[in-house]
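# Here is my input; please provide its structure:
(chains A and B)
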There are 2 protein chains.
Amino acid sequence: MSDLRPIGIFDSGFGGLTAVKEVIRSLPDEQIVYFGDTARVPYGPKSRETVVRFSIENILFLLKCKVKLIIIACNTASSVALSIVEESFKVPIIGVIAPGVLEAVNVTKNKKIGVIGTRTAINSGTYEKMIKQKRSGAKVYSTECPLFVPLVEEGWLNTQITKQIARQYLLPLKLKKIDTLVLGCTHYPLLKPVIREVMGKEVTLVDSARQVARQAKEILVKGNLLASGGNKNKNNLRFYVSDEPDNFAALGKRFLGFKLENVRKVSNV
Amino acid sequence: MSDLRPIGIFDSGFGGLTAVKEVIRSLPDEQIVYFGDTARVPYGPKSRETVVRFSIENILFLLKCKVKLIIIACNTASSVALSIVEESFKVPIIGVIAPGVLEAVNVTKNKKIGVIGTRTAINSGTYEKMIKQKRSGAKVYSTECPLFVPLVEEGWLNTQITKQIARQYLLPLKLKKIDTLVLGCTHYPLLKPVIREVMGKEVTLVDSARQVARQAKEILVKGNLLASGGNKNKNNLRFYVSDEPDNFAALGKRFLGFKLENVRKVSNV
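Next comes the predicted model:
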């Protein structure tokens, strides 16, 4: 029994490609449909109500593509919309918060965990709540880093200015003596070298992309939904965006390390 | 004869409030309806096609409010959409590019003019084309400053980091010995102190808000559309946004200097 329907993944832009990369690695027989809402990016500074509405529109688009599983590869959308949409839709839907939390509580030794993310993700308090549920006695220190996304999009990954901004955001967390830092935004893994320099080698950086791919695999295995065996469209990737595809294709290469074919513009609303 | 219909003003977010301020100052008897597309902000990094579509949707919303004149108070939208929409709609529509250009060519002595703006505004080449049309022999030096908008939204108006970023963007323009710099984005006037520090006092900073209000007044006078005399709703301001109103109201105060009443959320699409 092989289920050839694709896995659907969406993000506000191209940041969710970090999840695509890990899904390709751990589930090489699966087809993937990705939707990046590049006409309305970013979600991070926008209200809970608006991000929930956008998320529902994105899910409805992916359902038209007959997906068997949806990954919300955007921390902001996961933090405010997942609990709502997983109640409403039949298709299994997973977000990127729980996988990151799981890894963080496994990794920490001193139970002091830092979380960085966008304004809406941090304000939602979702990380803090989930970490404390999974690990009683854990202390959570959260900080918004609104300039990190524009810095990544500008390509300033390792400049002096990026380092200074990182110091400004992160030194208060360092002073709290956290031993684990959750990178609560899909853009942040591209800033790992700078973040590691500020935080020091003794702090473990948790990036949820790998964990989310593992969770996706578990769901497919349990539900008997794997495409394994006989999938002629192996590694078939389709990308849809709401703005023009060119910029997405160019930036996407930076995330995936290969040229993106099949990037098409669609209207999801 | 008094035309009591409001003036419509739109922007991708709250930056266009700089134009509102000047319109209030020069046309105190007029009613104003403002639309800020805060659910889809920013327009600057998005494609021409998408910004044109958003602009048309915003204009259709303002037309429902029975406006007599529309000001596109967003440089990105003005640079790519104005030439298209002014052909299609009956209502007079003005943008913020031409007024800025007019002031720049009047002010410059050495005919070396710098322009800073968002990626899409700069890539459109609209400023360069219009400046050269108005002043033959002018040399135009344009630079994208993608981090300026996030810095303003973060409230980092005069920090060391903002100064360093400004130096990185602007020093190449200074080396070209420009005597005039067009602030081609409605957010940038809030960075004037930093920009002035980098460029030096001998460079004139041109901010189009004042000029656009003057142009609006001219059109109303010529078309016999003024509300002057007997407007009981003097200074009546209504604000509509596509995301939640709270953040807009808070940031808006920074631009206008007074508390914003009447901010309502609408769907413009």
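# what are the ranges of the helices in the stretch 51-200 of chain A?
Along the stretch 51-200 of chain A, the stretches classed as helices by DSSP state H, counting those that start in this stretch are A:75-88, A:97-107, A:119-124, A:126-134, A:148-154, A:160-175, A:192-199.
# I'd like to know which of the ones you listed lies nearest to B:Val241.
helix A:119-124 (15.9 Å; C-beta to C-beta). C-beta coordinates here come from the backbone N, C-alpha and C atoms, glycine included.
# mean confidence score for that closest one?
Mean pLDDT, computed over helix A:119-124, is 93.
# Grab the nearest non-local neighbour of the residue in the stretch 151-269 of chain A positioned nearest to chain B.
Across the stretch 151-269 of chain A, no residue is closer to chain B than A:Glu244, which sits at 3.7 Å (C-beta to the nearest C-beta). Take A:Glu244 and drop its neighbours on the chain: the residue closest to it by C-beta to C-beta, 6 or more residues apart in numbering or on different chains is B:Ser47, 3.7 Å away.
# Same list (the helices of the stretch 51-200 of chain A) but as CSV, adding mean neighbour count and distance to chain B.
Formatted as CSV, those follow (neighbours: other C-beta atoms under 10 Å in any protein chain shown; distance: least, C-beta to the nearest C-beta, whole Å):
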stretch, mean neighbour count, distance to chain B
helix A:75-88, 22, 12
helix A:97-107, 22, 22
helix A:119-124, 22, 9
helix A:126-134, 19, 18
helix A:148-154, 23, 4
helix A:160-175, 17, 6
helix A:192-199, 18, 14
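# Kindly reformat the ones you listed as CSV containing distance to B:Gly155.
As requested, the helices of the stretch 51-200 of chain A are exported to CSV (distance: least, C-beta to C-beta, whole Å):
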stretch, distance to B:Gly155
helix A:75-88, 20
helix A:97-107, 27
helix A:119-124, 12
helix A:126-134, 24
helix A:148-154, 14
helix A:160-175, 13
helix A:192-199, 22
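# now the strands: where do they sit in the stretch 1-150 of chain A?
Under the criterion DSSP state E, counting those that start in this stretch, strands of the stretch 1-150 of chain A are mapped to A:7-11, A:32-36, A:69-72, A:93-94, A:112-117, A:139-144.
# before we move on, what about the stretch 151-269 of chain A?
Counting by DSSP E, counting those that start in this stretch, the strands of the stretch 151-269 of chain A are A:180-184, A:204-206, A:237-241, A:263-265.
# List the contacts of the closest residue to A:Ala19 other than its chain neighbours.
Spatially, and ignoring its direct neighbours in sequence, A:Ala19 is nearest to A:Ala73 (3.9 Å; C-beta to C-beta, 6+ apart). Neighbour list for A:Ala73: A:9-11, A:15-20, A:96, A:186, A:209, A:212 [criterion: C-beta atoms under 8 Å, 6 or more residues apart in numbering or on different chains].
# And the pLDDT for the closest residue to A:Arg167 other than its chain neighbours?
Of all residues not flanking A:Arg167 in the chain, A:Val198 sits nearest, at 5.4 Å (C-beta to C-beta, 6+ apart). The model reports A:Val198 with a pLDDT of 97.
# And A:Val198, how far from A:Arg48?
30 Å (C-beta to C-beta, to the nearest Å).
# Make a markdown table from the strands of the stretch 1-150 of chain A and add distance to chain B to it.
Formatted as a markdown table, the strands of the stretch 1-150 of chain A follow (distance: least, C-beta to the nearest C-beta, whole Å):
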| stretch | distance to chain B |
| --- | --- |
| strand A:7-11 | 16 |
| strand A:32-36 | 12 |
| strand A:69-72 | 18 |
| strand A:93-94 | 22 |
| strand A:112-117 | 15 |
| strand A:139-144 | 9 |
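# Tabulate those strands (TSV), appending distance to B:Ala216.
Shown next, in TSV, are the strands of the stretch 1-150 of chain A (distance: least, C-beta to C-beta, whole Å):
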stretch	distance to B:Ala216
strand A:7-11	40
strand A:32-36	38
strand A:69-72	44
strand A:93-94	49
strand A:112-117	42
strand A:139-144	38
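# tell me the mean pLDDT for stretch A:143-154?
What stretch A:143-154 shows for mean pLDDT is 93.
# which residues are in contact with it?
The contact list for stretch A:143-154, computed with C-beta under 8 Å, 6+ apart, reads A:15, A:42, A:44-45, A:114-119, A:122-123, A:157, A:162, A:165-166, A:169-170, A:172-173, A:185, A:187-188, A:190-191, A:251, B:45, B:146-147, B:149-151, B:153-154, B:156.
# Next: stretch A:260-267.
Applying C-beta under 8 Å, 6+ apart, the set of residues contacting stretch A:260-267 from outside is A:35, A:61, A:237-245, A:248-249, A:252-253.
# 6 Å instead, please
With contact meaning C-beta atoms under 6 Å, 6 or more residues apart in numbering or on different chains, stretch A:260-267 is reached by A:238-241, A:245, A:248-249, A:252.
# for stretch A:188-203, same thing?
Against stretch A:188-203 from outside (C-beta under 6 Å, 6+ apart): A:18, A:148, A:152, A:157-158, A:162-163, A:166-167, A:170, A:174, A:179, A:181, A:183, A:207.
# wait, the residue of the stretch 151-269 of chain A closest to chain B sits on B:Arg48?
No - applying C-beta atoms under 6 Å, one finds A:Glu244 not in contact with B:Arg48, separated by 8.0 Å.
# any idea how far the residue nearest to the spatial centre of chain A is from chain B?
Residue closest to the mean C-alpha point of chain A, counted by C-alpha atoms, centre = their mean, is A:Ala73 at 3.6 Å. From A:Ala73 across to chain B, the span is 20 Å (C-beta to the nearest C-beta, to the nearest Å).
# same question, A:Val52
Counting by C-beta to the nearest C-beta, the gap from A:Val52 to chain B is 11 Å.
# Nearest spatial neighbour of A:Lys163, chain-adjacent residues omitted?
Distances taken as C-beta to C-beta, 6+ apart put A:Val194 closest to A:Lys163, at 5.5 Å, once the chain neighbours are dropped.
# Looking at that neighbour now. What's its pLDDT?
According to the prediction, A:Val194 has pLDDT 98.
# Please report how far it lies from A:Val206.
Plainly put, A:Val194 is 16 Å away from A:Val206 if you go by C-beta to C-beta.
# which residues touch the residue lying closest to A:Arg5 once chain neighbours are set aside?
Of all residues beyond its chain neighbours, the one nearest A:Arg5 is A:Lys68 (4.1 Å), with distances taken as C-beta to C-beta, 6+ apart. Neighbouring residues of A:Lys68 by C-beta under 6 Å, 6+ apart: A:3, A:5, A:225.
# which helices and strands does the helix or strand of chain A with the lowest mean pLDDT pack with?
Every helix and strand in chain A was compared by mean pLDDT, DSSP states H and E; the lowest is helix A:245-256, with a mean of 85. Packing contacts for helix A:245-256, counted by 3 or more C-beta pairs under 6 Å, 6 or more residues apart in numbering or on different chains; DSSP states H and E, involve helix A:17-26, strand A:263-265.
# Reformat those as a markdown table; add distance to A:Ile56, mean pLDDT and mean neighbour count.
Below are the helices and strands packed on helix A:245-256 laid out as a markdown table (distance: least, C-beta to C-beta, whole Å; pLDDT from 0 to 100; neighbours: other C-beta atoms under 10 Å in any protein chain shown):
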| stretch | distance to A:Ile56 | mean pLDDT | mean neighbour count |
| --- | --- | --- | --- |
| helix A:17-26 | 20 | 93 | 21 |
| strand A:263-265 | 20 | 95 | 15 |
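# quick one: low-confidence parts of the stretch 101-250 of chain A?
Residues of the stretch 101-250 of chain A that meet the criterion pLDDT under 70 lie in A:229-235.
# go with 50
Residue ranges of the stretch 101-250 of chain A with pLDDT under 50: none are present.
# how close does the residue nearest to A:Lys163 get to B:Ile71?
Computed as C-beta to C-beta, the A:Val194 to B:Ile71 distance reads 41 Å.
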